[in-house]
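K.L.:
Everything below, folded, please.
(chains A and B, ligands or ions: 1)
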Amino acid sequence: MAKDVEIQILDDVTVRFAGDSGDGMQLTGAQFTNTTALAGNDLSTLPDYPAEIRAPAGTLYGVSGFQLHFSSSDIQTPGDSPDVLIAMNPAALKVNLKDLKPDATIIVNTSAFDSKNLRLAEYAVNPLDDDTLNGYNVIQVPLTDLTMKSLEELRLSNKEKERCKNFFALGLMFWLYNREVDATIEWIESKFKKDAVLVQANKNALYAGYYYGENTEIFSTRYHVEPAKLPAGTYRNIQGNEATALGLLTASLRAGIPLFLGSYPITPASEILHELSRHKDFGVKIFQAEDEIGAICAAIGASFAGSLGLTTTSGPGLSLKTEAIGLALMTELPLVIVDVQRGGPSTGLPTKTEQADLLQAMYARNGESPVVVLSANSPADCFFMAIEACRIAIKFMVPVILLTDGYIANGSEPLRLPEIDELPEIPVNFRTDPEGFYPYTRDENLARPWAIPGTKGLEHRIGGLEKKNIQGGISYDTDNHELMIHLRQEKVNKVAFDIPDLAVDGDSEGDLLVLGWGSTYGAIREAITHLRKKGYKVSQAHFQYLNPMPKNTGEVLSKFKNILVPELNLGQCATLLRNQFLIPVIQFNKVQGLPFKVIELENKIIEILGVPNGK
Amino acid sequence: MENNNVITPPDSIGTRVEQPVKYTAKDFSSGLEVRWCPGCGDYSILAQVQRTAPEINVPKENMVWVSGIGCSSRFPYYMDTFGFHGIHGRAAAIASGVKIANPKLSVWVATGDGDLLSIGGNHFIHACRRNMDLKIMLFNNRIYGLTKGQYSPTSEKGKKTKSSPHGSIDFPFKPVSVALASGATFVARSMDRDPKHLQAMMARAAEHKGTAMIEIYQNCNIFNDGAFLHLTEKELKDENVVYLEHGKPLLYGHNKNKGIRLNGLTPELVDLSKGEFSVSDLWVHDEHDINPARAFILSQFIEMEHFPTPLGIFSQIQKSTYDADVEEQIAEVQKTKGIGNLKKLLYSGNTWKIE
Ligand code: SF4
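P.N.:
Next up is the predicted model:
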């Protein structure tokens, strides 16, 4: 008999699943996300996992977390502070407690609060017994024991049974948030289809969790979040790296040339390599090279031979590719380099996020060596900016660096799927006519002809030595060198006329413009939305094109008294702005390997504006 | 138009239906003034390549020469084919990309001992390991020429150069050993001063499917003059060189009276004139031996006292090539999964509609 439960309607919830890196928290979070997406909420996710693959169980540094923010309205970030924490062990509780809202709900797996785990989590006293958790709504559930009990009948080892506890937790959360279990059941059936016992076990655990919510007196309230009113269309939930990969693939199909990816595994970029490797049915060629340099050099060779040459990496890999990027820009071949930024310098913080490769992308090459630099705003935006990077590379015969970062690469949000013909055309014209052919003639965009091996009569040589203008042979002529330096620069400058203007959200003049780039978009957006409701007048602009910057940038900047540039570095974009426009900008920097919290940005904006300045 | 089908390389390009025209050596000359030092061994190598190229039956627009940095790496500029002068050490990686992107191309690498074995060592061994269908011509002059004379990874230990005034303390690489150990499927050695032999080696490499490495002893008359004199000078050559010929015994010397026999795994020099051994006791060269052990022993001769230097093909074996396997795997996947459809892919997984 079902008990009386109240259903409470919420606008907005942030939950965090936390446990050992072996507890399946990423999977649990992904399943909850999937079901939430199908229920029509807007959402944003952020996994947070240790750099070690399987850190020792129960330790503080072995805690893996997955945060999900879902809402009935438009949202942009995974949420500053969770409303709900599912803590699978004491370490997970300890690591995450400081992030929670003061009145958050904590579901703790009491089965894991034994003396060994308490010691590993460095708790002298069991936090469930003292006042550590005062003020929180603590719900104690012996998750592991209940899971084992629900699987008593099954012929599985205790270890295997214990591993199903994440599905118990998931089932409980599904009940609490009034969700359907169907999509997860389907997933379990296909994932474990080779092992009927495991299918049964995970299903049992999921239902046991669900009915635990339904039947025990512990829970008197269920929550409901209405579907969000997003623009009409078909949606799918997508992670940034997956979106980047699909964008690259889409670009090659729009261009009608084969995709060649040269890559070397590196955190947090490897998923792009994995995703593209799954799509050989599209004829994509994937070369997992011996090192980062081999990866980019092979991509350059493939571009020379008429493929869409791509390479994907993270900061340390970009450092290694430096010389080869110079070669691509000297030989004026299309090449896209994706840098999924992580905490640096050196090996740094591989699984954490940062925006500190901007100046590396801009300048880290010998000589005068301009390349096009783009960035993506969000997980879904990776799809569109990946296409844009390829479009520009091909049109201008130039290397393009696309900057994403660990935060949006691993995070996810709904992507409104485009109709194929809404996507940009990417025309490719290989040169075939030998009449009047020289490798360094230029079209109206200053792009040189793409003349690929196998084309009769176009035999020619290119390389890293300075080229003679038009004719393309080696030239040590000093005037010619200067001319070529200018031509290469001018070509990159010309891209500014081929990209959208910098758009301003809010008034186009005023006291404050918050100007960001890349993955800070969502947090800035939410901060500004909140503040506007409180009567602050503040405008937002966000770069997706960093080199060249949109041609109206100077004009936009000139209309504001203050320009605030929040960045996850020590002020790299601010440096570019000061340098190009000779204007003062206010920096707001954070380099903790973490994204901005919305509240941090709100506080900074209030500090600048003082009292509400709107009407 | 919906453009969501699979892409194959542009077919008008890279394939040639007509019979290849008959070329002459001159057709392969780009006409660019050659800028190596007068007397440099590179001239001879260029001449032999241009002489052999017409014989290998590849339309010249399908031939690509890729190089790194160094004296030898200027090579592509002098060939009237497609050419790519890369960056130091990376020729094998660039060439791999070219070959995978369009396997119909005949892809050649011109490189030196510094370029291939020092800064580019990693790309070299991995190209060999993958059996990438590249023809690698290693111009080994045992010195850094372009940077004006420092010891290289093939310089003999103790070599006095500008960067080793007291003698180098590095042990040298034996390039043939490295190539064999890395899995190259065609490994040969020749010399700039032996035009006929070099042409023959190049023709054989061209026929081979897979990684072909030819080590070419090349005289740098400016910084390491005479490094191979004992192999090239008429009076010395016969005593110091043994030509490897498939199915033939290892026989050398002025009067063909010296030979090498294999005692277990130990090679021994024997003098046939003494009557103790006859030709039938000698090691008979088998270039197709799939066990690399004997080829490897041959590759060690250059460091063994009194042993002659082998020239010729150490090993040629058949293995599938990386570039062909890439094509095959794609075809296989397309056969089982069907040809990819973009719309289907984008809309796959869990999607939902908002009206
Ligand atoms: S330095 Fe030596 S290898 Fe280089 S061109 Fe001159 S002679 Fe030839």
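K.L.:
correct me, but B:Val109 touches B:Ser72?
P.N.:
No - here B:Val109 lies out of contact with B:Ser72, judged by Cβ atoms under 8 Å, at a distance of 10.0 Å. For every residue, glycine as well, the C-beta is placed using N, CA and C.
K.L.:
More neighbours: those two, which one.
P.N.:
B:Val109 (35 against 32; other Cβ atoms under 10 Å in any protein chain shown).
K.L.:
all helices for the stretch 501-615 of chain A, in order.
P.N.:
Secondary structure of the stretch 501-615 of chain A by DSSP state H, counting those that start in this stretch: the helices cover A:521-533, A:553-558, A:572-581, A:598-609.
K.L.:
wait, is B:Val176 part of a strand?
P.N.:
No - counting by DSSP: H, G, I helix; E, B strand; the rest coil, B:Val176 falls outside a strand, being helix.
K.L.:
Surely it and B:Phe314 touch.
P.N.:
Yes - look at B:Val176 against B:Phe314 with Cβ under 8 Å: they come within range, at 5.8 Å.
K.L.:
Please enumerate the shared neighbours of those two.
P.N.:
B:Val187, B:Arg189, B:Leu298, B:Ser299 (Cβ atoms under 8 Å, 6 or more residues apart in numbering or on different chains).
K.L.:
Backbone dihedrals for B:Asp271, both of them.
P.N.:
Taking degrees, to the nearest 10, you get phi -100, psi 110 for the backbone angles of B:Asp271.
K.L.:
Nearest residue to it in space, please, no chain neighbours.
P.N.:
B:Lys258 (6.1 Å; Cβ to Cβ, 6 or more residues apart in numbering or on different chains).
K.L.:
Beta-bridge partners for that neighbour, please?
P.N.:
When bridges are called by DSSP bridges, B:Lys258 pairs up with B:Tyr252, B:Asp271.
K.L.:
Now do the same contact list for it.
P.N.:
B:Glu239, B:Leu251, B:Tyr252, B:Leu269, B:Val270, B:Asp271, B:Leu272, B:Pro308.
K.L.:
repeat for A:Thr250
P.N.:
Counting by Cβ under 8 Å, 6+ apart, A:Thr250 has contacts A:Phe383, A:Ala386, A:Ile387, A:Leu423, B:Leu342, B:Leu346.
K.L.:
which SS class is it?
P.N.:
Relying on three-state DSSP, one would call A:Thr250 helix.
K.L.:
ok, now B:Tyr43?
P.N.:
Here B:Tyr43 is helix, with the state taken from three-state DSSP.
K.L.:
Give me the pLDDT for it.
P.N.:
Looking at B:Tyr43, its pLDDT is 97.
K.L.:
Would you map out the domains in chain A?
P.N.:
Using automatic domain parsing, the domain parsing of chain A gives A:6-225, A:236-422, A:504-614.
K.L.:
among these, which is nearest B:Asn140?
P.N.:
Closest to B:Asn140 of these is domain A:236-422 (Cβ to Cβ; 22.3 Å).
K.L.:
Which parts of the stretch 201-350 of chain A are strands?
P.N.:
Along the stretch 201-350 of chain A, counting by DSSP state E, counting those that start in this stretch, strands occupy A:221-225, A:233-239, A:259-263, A:285-288, A:308-313, A:335-341.
K.L.:
Please convert the ones you listed to a markdown table, extending it with distance to chain B and mean neighbour count.
P.N.:
Converted to a markdown table, the strands of the stretch 201-350 of chain A look like this (distance: least, Cβ to the nearest Cβ, whole Å; neighbours: other Cβ atoms under 10 Å in any protein chain shown):
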| stretch | distance to chain B | mean neighbour count |
| --- | --- | --- |
| strand A:221-225 | 15 | 16 |
| strand A:233-239 | 5 | 21 |
| strand A:259-263 | 5 | 28 |
| strand A:285-288 | 6 | 21 |
| strand A:308-313 | 7 | 32 |
| strand A:335-341 | 11 | 30 |
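K.L.:
what about the helices in chain B?
P.N.:
Here chain B has its helices, by DSSP state H, at B:42-52, B:91-101, B:113-114, B:121-130, B:175-182, B:195-207, B:229-232, B:234-240, B:293-300, B:322-337, B:342-346.
K.L.:
Got the confidence number for the residue nearest to B:Asp271?
P.N.:
97.
K.L.:
give me every residue that touches the residue most central in space within chain B.
P.N.:
By Cα atoms, centre = their mean, chain B has its centre lying nearest to B:Met213, at 2.2 Å. Residues near B:Met213 by Cβ under 8 Å, 6+ apart: B:Cys128, B:Ile136, B:Leu138, B:Pro175, B:Val176, B:Ala179, B:Ala184, B:Phe186, B:Val187, B:Ala188.
K.L.:
quick one: which of the residues you listed is nearest to A:Ala324?
P.N.:
Nearest to A:Ala324 among those, counting by Cβ to Cβ, is B:Ile136 at 19.6 Å.
K.L.:
how about the residues of the stretch 251-400 of chain A that lie near chain B?
P.N.:
Counting by Cβ under 8 Å from any Cβ of the partner chain, the residues of the stretch 251-400 of chain A lying close to chain B are A:252-254, A:256-260, A:262, A:279-285, A:287, A:289-291, A:293-295, A:297-307, A:309, A:323-324, A:326-327, A:331.
K.L.:
quick one: the strands in the stretch 51-200 of chain B?
P.N.:
Using DSSP E, counting those that start in this stretch, strands in the stretch 51-200 of chain B cover B:63-67, B:82-85, B:106-112, B:135-140, B:186-191.
K.L.:
Show me what from chain A comes close to the ligand.
P.N.:
Within reach of the ligand by Cβ under 6 Å from any ligand atom, chain A has no residues at all.
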